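Q: just to be clear, the model below is a prediction. Sequence and coordinates:
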Amino acid sequence: MLLKKMGKATQCARKLEAVIAAKKHGITEVAKIYGITRTTLTPWIKRIKNDTIERLNTLPERKRKPKLNDDQRKQMLEWIQGNSQLTINAIRIKIEQMFMVSLSKSTVHREVQKLRYSNTKQRPKHFTQDSHKVSVFKKNIR
């Protein structure tokens, strides 16, 4: 029941499954199957025995710290809004020059996605296109 409440996608669910399997098949066997050591599995079992299942989740201080702070992200958003033609690589170079932080292109792309910035553009028009003829054509289609 607890496994359903937490959800299969979490790391906690994987740890709970390992503990349940360890009870049936033994710690050593489960550790081999899950690709972990016995010393990793044993604290998980102890936490469940002590009713501290919340501690199975990854602790926030153990996660990777972000390289850019909120002010730097705001600055990056201003750059993008000011010049919508900036590429990911150009943003990466600008971040490196301004903030002295080295980021990969994929990291910069993730940061732009976190900002929820979406730049939509109109379809390009050919220079010889006559807007009057286009509007007449659209009216005749319907």
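A: Sure, I can see it. Numbering: from 1, shown residues only.
Q: in which helix or strand does the residue minimising distance to the centre of the chain reside?
A: Centroid-nearest residue in the chain: residue 110, 6.8 Å away (criterion: C-alpha atoms, centre = their mean). Following DSSP states H and E, one finds residue 110 within helix 105-114.
Q: re earlier: and the residue nearest to the centre of the chain, how far from residue 37?
A: From residue 110 across to residue 37, the span is 31 Å (C-beta to C-beta, to the nearest Å). Quick note: C-beta positions are derived from backbone N, CA and C, even for glycine.
Q: ok, which stretches of this structure are helices?
A: 2-6, 11-25, 27-34, 38-49, 70-82, 88-99, 105-114, 131-141 (DSSP state H).
Q: hey, least reliable of those helices by pLDDT?
A: Taking each of the helices of the chain in turn, the lowest mean pLDDT turns up on helix 2-6, with a mean of 52.
Q: the helix holding residue 110: which residues count as buried?
A: The neighbour-count check on helix 105-114 (16 or more other C-beta atoms under 10 Å) flags 107-108, 111-112 as buried.
Q: likewise for stretch 23-33?
A: Using 16+ other C-beta under 10 Å as the test for burial, stretch 23-33 gives 27, 30-31.
Q: in a markdown table, list the helices of the chain along with distance to residue 124.
A: Putting the helices of the chain into a markdown table (distance: least, C-beta to C-beta, whole Å) gives the following:
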| stretch | distance to residue 124 |
| --- | --- |
| helix 2-6 | 50 |
| helix 11-25 | 47 |
| helix 27-34 | 54 |
| helix 38-49 | 56 |
| helix 70-82 | 21 |
| helix 88-99 | 21 |
| helix 105-114 | 23 |
| helix 131-141 | 14 |
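Q: which one of the ones you listed lies closest to residue 64?
A: helix 105-114 (10.9 Å; C-beta to C-beta).
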